[in-house]
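[1] Using only what follows, build the 3D model:
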Amino acid sequence: MLHNTKGIVLRVTKYGDTSIIMTAYTELFGVQQYMVKGVRVTSKKGANKGVFYQPAAILQMEVYHSPMKQLQMVKEVSWDFVYQNVYSDILRNAVATYIVEVLQQTMQPEPHPELFYLIEDTFKQLDKGGPSLVGNLPIYFLIHLSQNMGFGLQGKYTASTPVLDVREGQFVEKVPAHPYFLEGLEAQTASSFLQVQFYNDLDTISLSGAQRKKILELFQLSLSWHYKKFSEIKSLPILQEVLR
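    Alright, predicted model coming up:
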């Protein structure tokens, strides 16, 4: 059956001489793999089609879908949102690459509309936001990705709960016996991320390079504990270098 759905490109793999297999996170079907024929040809028509299939691209897709098949087919695609800066700006591209790599390791086949909208909105804000918003977006995204997956951080920084126990996922009274915690200014900053209501509020959160590095690495580690096959995020060192 033919369906219209939005899709966010996560991975593109060459197939044969002229085709690709695209992994996309779709609004209707969750993670799906699609065969896309004839987009790697040297003709002008093929080149025009190939421009759609880039990681993080937000597409409007007309697809053939069968629940019994692992590999679906694409009939037509068009832009749902056209980036102005994500692919041309070094910082934005590094953030997009990092988020896509995290998604590759965490996304599930089942549809999850709220999660789709979080990813879609994050990439749109990445394209148009200012430098402070863009720099804080990876931490914000990890926090809300975890919340959508059902294991988000609980509580907030107060005088009685001044420590964020990342392993337990909550603010606590005392420093835990393990090293996976934040305290002091770093715990306050993490709490600020939890209180963000609008993306523009990320412009108000100030972080040093060392603080951002520590918080991001701990939150990524927390996410990895919930996925047995979660492996090294290769784009993280590049992102940290660009953000420094």
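[2] In which helix or strand does residue 140 reside?
    For residue 140, the host element (DSSP states H and E) is helix 131-149.
[3] who does that helix touch, helix- and strand-wise?
    Secondary-structure packing of helix 131-149 (3 or more C-beta pairs under 8 Å, 6 or more residues apart in numbering; DSSP states H and E): helix 90-106, helix 113-128, helix 184-195, helix 209-224. Using the backbone N, CA and C atoms, a C-beta is placed for each residue, glycine as well.
[4] give me every residue that touches the closest residue to residue 72 other than its chain neighbours.
    In space, and not counting its chain neighbours, residue 72 is closest to residue 34: 5.0 Å by C-beta to C-beta, 6 or more residues apart in numbering. Contacts for residue 34 were tallied using C-beta atoms under 8 Å, 6 or more residues apart in numbering; they are 21, 22, 23, 24, 61, 63, 71, 72, 73, 74.
[5] Would you mind listing which of those are buried?
    21, 22, 23, 24, 61, 63, 72, 74 (16 or more other C-beta atoms under 10 Å).
[6] re the thing from before, please tabulate the helices and strands packed on helix 131-149 in CSV, including the columns mean neighbour count, distance to residue 3 and mean pLDDT.
    Output for these, formatted as CSV (neighbours: other C-beta atoms under 10 Å; distance: least, C-beta to C-beta, whole Å; pLDDT from 0 to 100):
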stretch, mean neighbour count, distance to residue 3, mean pLDDT
helix 90-106, 20, 22, 97
helix 113-128, 18, 15, 97
helix 184-195, 17, 36, 94
helix 209-224, 17, 30, 94
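[7] Now render those as a markdown table, adding distance to residue 80.
    Formatted as a markdown table, these follow (distance: least, C-beta to C-beta, whole Å):
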| stretch | distance to residue 80 |
| --- | --- |
| helix 90-106 | 16 |
| helix 113-128 | 8 |
| helix 184-195 | 28 |
| helix 209-224 | 27 |
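[8] Can you check which of those helices gets nearest to residue 82?
    Of all the helices and strands packed on helix 131-149, it is helix 113-128 that lies closest to residue 82, at 9.0 Å by C-beta to C-beta.
[9] Can you tell me what sits against that closest one?
    Here helix 113-128 makes contact (C-beta under 8 Å, 6+ apart) with 6, 8, 25-27, 56, 58, 81, 83-86, 92, 95-96, 99, 103, 133-134, 137, 140-141, 144-145, 148-149, 199.
[10] what pLDDT, on average, does the helix holding residue 140 get?
    Helix 131-149 shows a mean pLDDT of 95.
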